[in-house]
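S.K.: How does the following fold in three dimensions:
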Amino acid sequence: MELAMDDGSLEQRLMKLERRNRLLTAGLVATAALGLIAAASAGADLDRSPQVFDKIIAREIVVIDPNGRERVVIAAPLPEPRLAGSLSKRGEALSGILLFDGEGNERGGYVTGDDPSSGISLTLDEIGRMAVSLWAGERGSSGLRFGNQDGNSVDLQVNPAGTFMTLREKGQITAVLPASATPPAAASPPPPAPAAPAGTPQ
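M.R.: Numbers count the residues shown, from 1 in each chain. Coordinates of the predicted model:
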């Protein structure tokens with residue numbers, strides 16, 4: 001009788017040990033799984049680290065801000081401009097780099113046209129028009145232009161005919177330097193600015 005009780009006590013102890021062993025095994029498995037998840041996450045973080053490419057070939061690259069808005073576009077050709085929330089038309093096809101403000105308005109760029117005679121220009125734009133333009137023609141001409149929506153502007157230009165400056169107020173020429181110079185009609189202008197949508201101040 002006493003031996004039977006000892007056997008029962010031993011059996012209970014073995015059952016308890018077995019349960020503890022299962023719990024320990026489950027704990028070890030869970031710990032290992034967590035370790036694998038942590039390692040995978042660390043690997044994913046490493047995969048998101050910046051990568052260096054020797055060469056990228058693309059027709060268009062778009063950089064967005066934290067709100068998902070397009071802020072920089074590099075493309076050939078560039079897309080039609082967005083001004084005051086509306087699509088507009090360009091005077092000619094352009095390729096290069098465009099910058100946009102937080103509302104999606106085109107505010108400047110470094111562009112060139114398909115036709116070599118259209119030249120190349122670096123522009124700073126108000127909404128709907130160029131305010132500052134530094135440009136170079138196909139050969140022998142270059143210039144710098146400042147202007148505002150009232151038609152007031154200053155043009156500095158160098159071309160085969162010479163060097164001169166033209167001042168305009170409300171769209172009318174008020175002075176040309178040197179005084180004997182006449183701005184040649186053949187001077188290469190910068191690529192045209194996109195037209196502003198209806199209702200946008202010029």
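S.K.: which residues pair with the residue nearest to the spatial centre of the chain across the strands?
M.R.: In the chain, the C-alpha nearest the mean C-alpha coordinate belongs to Val72, at 1.8 Å (CA atoms, centre = their mean). Under the criterion DSSP bridges, Val72 forms beta bridges with Val63, Leu99.
S.K.: surely Ala131 meets Asp150?
M.R.: No - between Ala131 and Asp150 there is no contact under CB atoms under 8 Å: 11.7 Å. Just so you know, the C-beta spots here come from the backbone N, C-alpha and C atoms, and that holds for glycine as well.
S.K.: mean confidence for the helix or strand containing Arg13?
M.R.: Assessed by DSSP states H and E, Arg13 sits inside helix 2-47. For helix 2-47, the mean pLDDT works out to 66.
S.K.: re the thing from before, when Ala131 and Asp150 are compared, which one has more neighbours?
M.R.: Taking other CB atoms under 10 Å, Ala131 and Asp150 do not tie; Ala131 has more neighbours (18 against 12).
S.K.: That one belongs to a strand?
M.R.: Yes - the assignment for Ala131 is a strand, going by DSSP: H, G, I helix; E, B strand; the rest coil.
S.K.: Just give me the neighbour total for the closest residue to it other than its chain neighbours.
M.R.: Excluding its sequence neighbours, the residue lying closest to Ala131 (CB to CB, 6 or more residues apart in numbering) is Leu124, at 5.5 Å. By the measure other CB under 10 Å, the count of residues near Leu124 is 14.
S.K.: Need the contact partners of the one helix or strand Leu124 maps to.
M.R.: Assigned by DSSP H and E, Leu124 belongs to strand 120-126. With contacts defined as CB atoms under 8 Å, 6 or more residues apart in numbering, strand 120-126 is touched by 106-112, 130-136, 148-149, 190-191, 193.
S.K.: and the gap between the residue nearest to the centre of the chain and Leu14?
M.R.: Distance of Val72 to Leu14, computed by CB to CB, to the nearest Å: 72 Å.
S.K.: before we move on, the earlier item: quick one: strands adjacent to the strand holding Leu124?
M.R.: Strand pairing (DSSP bridges) places strand 120-126 next to strand 106-113 (antiparallel), strand 129-136 (antiparallel).
S.K.: what pLDDT, on average, does that strand get?
M.R.: 93.
S.K.: related to what we said a few turns ago, give me the buried subset of the contacts of strand 120-126.
M.R.: 106-109, 111-112, 130-131, 133-136, 190-191, 193 (16 or more other CB atoms under 10 Å).
S.K.: in stretch 94-105, what counts as buried?
M.R.: Quick answer for stretch 94-105 (16+ other CB under 10 Å): Leu94, Gly96, Leu98, Leu99, Phe100, Gly104, Asn105.
S.K.: Kindly report the same for stretch 162-172.
M.R.: For stretch 162-172, by 16+ other CB under 10 Å, it's Phe164, Met165, Thr166, Arg168.
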